[in-house]
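Enquirer: need a structure here:
(chains A and B, ligands or ions: 1)
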Amino acid sequence: MTDSSRPSDHFDSSAARKGDDRVVQPKLGPIGYLRFFWRQLTSMKTALFLLLLLAIAAIPGSLVPQVSSDPNGVIQFKANNPTLAPILETFQVFTTYSSVWFSAIYLLLFVSLIGCVIPRTRHHFDALRARPPKTPANLQRLEGFTTRSSPAAAEAAIAVGQQLLKRQGYRTELYTINGSPTVSAERGYLRETGNLVFHSALIGVLIAVGLGGGFGYTGQRVVVEGYALSNSLASYDSFNPGRFFTDAALEPYSIGLDSFVPTYDDDLTSSSLGQVLDYTANVTSTLGGGEPQKATIKVNEPLAIAGTSVYLLGNGYAPVVTVRDSDGNTVFSQPTAFLPQDANLFSLGIIKIPDGLKQQIGIRALFYPTAVLTNLGTLASSYPDLVNPELTMEVYTGDLGLDNGRGTNAYALDTDSLTQIAGRTADSPTIKLGLGDSIDLPNGLGSIELTAIPRFVSLDVHHDPAQVWVLIFAILVLAGLVTSLFIPRRRMWITAVTAADGSVGLEYAGLARGDDPGLNAAVSEIAGKHVDQLGLKVES
Amino acid sequence: MTENFVLYSNIAVYSAMAIYTIAFIMFTLDLSRRSANVGATAEVGATIRVGQLASAGSTDLLERVDSSATAPAAKGPRYLRAAFALTAFGWALHVGAVFFRGFAAGRVPWANMFEFTLTATAIIVGVFLLVQVWQDLRFLGSFVVGFSLIALGVGTTNFYVDVVPLPPALQSAWLVIHVFVASLGTGFFALGAALSVVQLLQARRAAGKAVGLKFLDTLPAADKLENLAYRLIVVGFVFWTFTLIAGAVWAERAWGRYWGWDTKEVWTFIIWTIFAGYIHARATRGWRGSRSAWLAIIGFGAVVFNFTIVNLFFKGLHAYSGL
Ligand code: HEM
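Expert: Residues are numbered from 1 along each chain as shown, chains lettered A, B, ... in the order given. Predicted coordinates:
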């Protein structure tokens, strides 16, 4: 049966090939070694070993933050573990899943898999074309053996039996054994087909994942209400192209954020006061030179546009601060995205104004959408919506380093070489502004106003041309698995023996490969049906 | 209204736990009674190996499972029957608790660790009860009910949270499908692991190593247990495969990528790989028997680890424990 197509050490396979490897070992030439190595690699034991190794190799990446999923975590981990971190770095533990050793394991596993699937597929094709084998002479020894007496003659009974088996999906073949006509039937070829589909589809998943990553890209962009993202390299805050990415893959479009509408639990008696119930981003998308279209993006509902998906991944406030010089001319007036620090959107922002004032100024600002005074006398936010917004600012002067690249991180302000002019360590206190408030800056620099408090969202744009193939192969994996695990591979035999007195006895038996708890029942069902039909035949 | 439903749910779960406790004691008493009565009960389910059949040039190993042993025994020792009936009764209350929690929340009751514990244990016990239709596995009662009791105990005391609305990332039909199927898979893995434990004990006993557990005489032999475990675990494996795929589909919707090696994804993958290893082990010379049984136990250990330690102490996107 299919056993011959199994790996040589498959538990159920014939033992004939067991000794092969060892016997030929002494006189191995280079080819021989290759063949020996290949046979080892594609053996069931190796597959098992590599599978278990893969499971173990995946563990470190779950214990240590990964660059891909948690870059800040990696930085923090390195700071906290100065001695351990370099060692882990050497072994690529911060990038476990693209590391040399992890890749080596799964690539070997897949080479083994391919080496396993190809010969088995060939054998399976042969098996599909082969006739069901001769009926064993002695059915008594077999599974579910049962007998009936036949109302019909031997040949006729077997012909009916053959039809019955065919209708149940068996492939059949007639033989004559010791002068008795017999039908030999086999079914469940789908079991092996399913197994092969399963393993091949795994390869398909791997290839599709690889191609999708190679040709796709992801880009992130913070968009404030009233502003837009455009799908071009220059527009993204960060952009990760695949290995084979070219600019041509970027379809031109833009997505403007009309409004971002969060819904919070505002039930004052509820323990979940302030919890997010819903996020909706109302956007206008424009494809190429086409008509603008209104759409919404939600957390579980990305926007599909031009072969990309646009996801709503983060949000917060982007206060608009207006700074005027001592003559009242506006030198700065734009939103700055603040990084949320807690569930009530207490947020942190850095504002840099290199030009227009007598001195460069840098501002470290804290924003409280619903400011409350805590017992400690500090401010906190008690609700994520704008009930009592307050912006507090510490203002620094000095060289912001924007020219020499030192201060290029928009979310950080290196205050070492700066002088605080308003704040805890300065003569002037920390500046506090409500919405619409304006206050003079120290040193006659000018004034500062909290003009508006729009929201921002961070949008992720993904393009993965092979994603749908990953899904298709994944579904094939599942389908192949179910087929191969639950379709029984069976043989069934019916032999009609004519006794000396002319009466005809029918013998039934089956044979299964592997676990098949339903075989006994299947044999007696066939016997029952067969006799019923014969009965009808004789009557009519 | 919500408070009432929460209250009903909590009353129901505590009652269920009380009944499970009695059931657990009865199941255990049954095992000890079996030890006392060994010899009276015949060993069930011997596997008869029907030689090797030379056909079409290859050999097949046939396994004939004694069919009389596969029929669920309608009766059984008194303690066992009482324990089983109590489990069924406790389960009804348990399911009631799950439903009331769902009514209270106005959504599926598995959005945080407490709710997940509540529902997943109900599914595990449910799988245990239903599997009896196919096969009399009541001797696993101590294990299943004991396991669920511990989980419920930890869940109600350490994980309890009030009903809160779903965060947007969880507002998806995939929450319903993905988590439910994962729990179903867990139920089958649990039974498979339990059978594997008994299998290991039987194998030790058969190897002549003294295992002071006389009740083993009344349980199926190691071979039979191994086959039963295998059949349950492959069902669990299909569910787990589905869970993995559904999780990836959901991650694509919610987080913008179908796979990102988030800690929870990593562990789901590890578990899947261990059980794929288990299935291969069963087909690999030298790995059938005790070694594959260990894989089944390690696999289930990883499932429990994934739900407890990974949820509570590992950092990742799946921060939905609610704690
Ligand atoms: C990516 C690695 C692999 C995975 C995840 C995997 C997974 C599985 C699973 C889940 C099954 C059971 C379902 C079925 O029968 O279709 C299975 C069966 C099987 N696999 Fe693999 N496999 C892998 C690699 C291999 C390799 C390299 C070989 C060849 C040596 C192999 C040979 C087999 C065989 C012969 C069976 C049938 C076992 C039986 O008769 O019970 N697999 N595999």
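
Enquirer: which residues touch residue 195?
Expert: Picked chain A for this. A:R120, A:G480, A:T483, A:S484 (C-beta atoms under 8 Å, 6 or more residues apart in numbering or on different chains). (C-beta placed from N, C-alpha, C; glycine too.)

Enquirer: My question was about chain B, not that one.
Expert: So B:L195 contacts B:L137, B:L140, B:L225, B:E226, B:L228, B:A229, B:L232 (C-beta under 8 Å, 6+ apart).

Enquirer: out of those residues, which touch the ligand?
Expert: When C-beta under 6 Å from any ligand atom is applied, no member of the contacts of B:L195 is adjacent to the ligand.

Enquirer: which stretch of helix or strand covers A:I75?
Expert: In the assignment (DSSP states H and E), A:I75 maps to helix A:71-80.

Enquirer: what sits opposite A:D325 in the beta ladder?
Expert: In this entry, A:D325 is beta-bridged to A:G446, by DSSP bridges.

Enquirer: Would you confirm that it contacts A:D355?
Expert: No: between A:D325 and A:D355 there is no contact under C-beta atoms under 8 Å: 10.5 Å.

Enquirer: circling back: of the contacts of B:L195, closest to the ligand?
Expert: Nearest to the ligand among the contacts of B:L195 is B:E226, at 13.0 Å by C-beta to the nearest ligand atom.

Enquirer: Quick check: pLDDT value at that closest one.
Expert: As predicted, B:E226 sits at a pLDDT of 91.

Enquirer: for it, helix, strand, or coil?
Expert: Following DSSP: H, G, I helix; E, B strand; the rest coil, the label given to B:E226 is helix.

Enquirer: Pull the contacting residues for it.
Expert: So B:E226 contacts B:L195, B:S196, B:Q199, B:R288, B:G289, B:S292, B:A293 (C-beta under 8 Å, 6+ apart).

Enquirer: quick revisit: would you mind telling me which of A:D325 and A:D355 has the busier surroundings?
Expert: More crowded of A:D325 and A:D355, by other C-beta atoms under 10 Å in any protein chain shown: A:D325, with 17 against 8.

Enquirer: From chain B, how far out is the more buried one?
Expert: 43 Å (C-beta to the nearest C-beta, to the nearest Å).

Enquirer: Quick check: that residue vs A:P354, distance?
Expert: 14 Å (C-beta to C-beta, to the nearest Å).

Enquirer: Sticking with the closest residue to B:I19 other than its chain neighbours, tell me its helix or strand.
Expert: Leaving aside its chain neighbours, B:I19 sits nearest to B:G90 (3.6 Å; criterion: C-beta to C-beta, 6 or more residues apart in numbering or on different chains). Element membership for B:G90 (DSSP H and E) is helix B:78-105.

Enquirer: what comes up buried for that helix?
Expert: B:79-84, B:86-87, B:89-91, B:93-105 (16 or more other C-beta atoms under 10 Å in any protein chain shown).

Enquirer: next one: stretch A:176-183
Expert: A:I177, A:S180, A:P181, A:T182, A:V183.

Enquirer: what's the closest non-adjacent residue to residue 267?
Expert: Went with chain A since none was named. A:L273 (6.4 Å).

Enquirer: look at chain B instead
Expert: That would be B:N306: by C-beta to C-beta, 6+ apart, it lies 4.1 Å from B:W267.

Enquirer: which SS class is that neighbour?
Expert: Using three-state DSSP, the structure places B:N306 in helix.

Enquirer: who are the neighbours in contact with it?
Expert: B:K264, B:W267, B:T268, B:I270, B:I271.

Enquirer: One more pass at 7 Å, please.
Expert: B:N306 makes contact with B:W267, B:T268, B:I271 under the criterion C-beta atoms under 7 Å, 6 or more residues apart in numbering or on different chains.

Enquirer: quick check, nearest of these to A:P30?
Expert: B:I271 (41.6 Å; C-beta to C-beta).

Enquirer: what's in contact with the helix or strand where the closest one lies?
Expert: Take DSSP H and E as the rule and B:I271 turns out to sit in helix B:263-281. Applying C-beta under 7 Å, 6+ apart, the external contacts of helix B:263-281 come out as A:44, A:47-48, A:51-52, A:54-55, A:58-59, A:61-62, B:233-234, B:237, B:240-241, B:243-244, B:247, B:259, B:287, B:291-292, B:295-296, B:298-299, B:302-303, B:306, B:310, B:314-316, B:318.

Enquirer: Same question for stretch A:197-215.
Expert: Contacts of stretch A:197-215 (C-beta under 7 Å, 6+ apart): A:110, A:113-114, A:117, A:242-245, A:464-467, A:469-470, A:473-474, A:476-477, A:479-481, A:484.

Enquirer: how about 6 Å then?
Expert: A:110, A:113, A:117, A:242-244, A:464-467, A:469-470, A:473-474, A:476-477, A:480-481, A:484 (C-beta atoms under 6 Å, 6 or more residues apart in numbering or on different chains).

Enquirer: can you tell me which of those are up against the ligand?
Expert: Restricting the contacts of stretch A:197-215 to those near the ligand - C-beta under 6 Å from any ligand atom - leaves A:L113, A:L481, A:S484.

Enquirer: so how far is A:T483 from the first one?
Expert: Shown here: A:L113 relative to A:T483, a distance of 18 Å by C-beta to C-beta.
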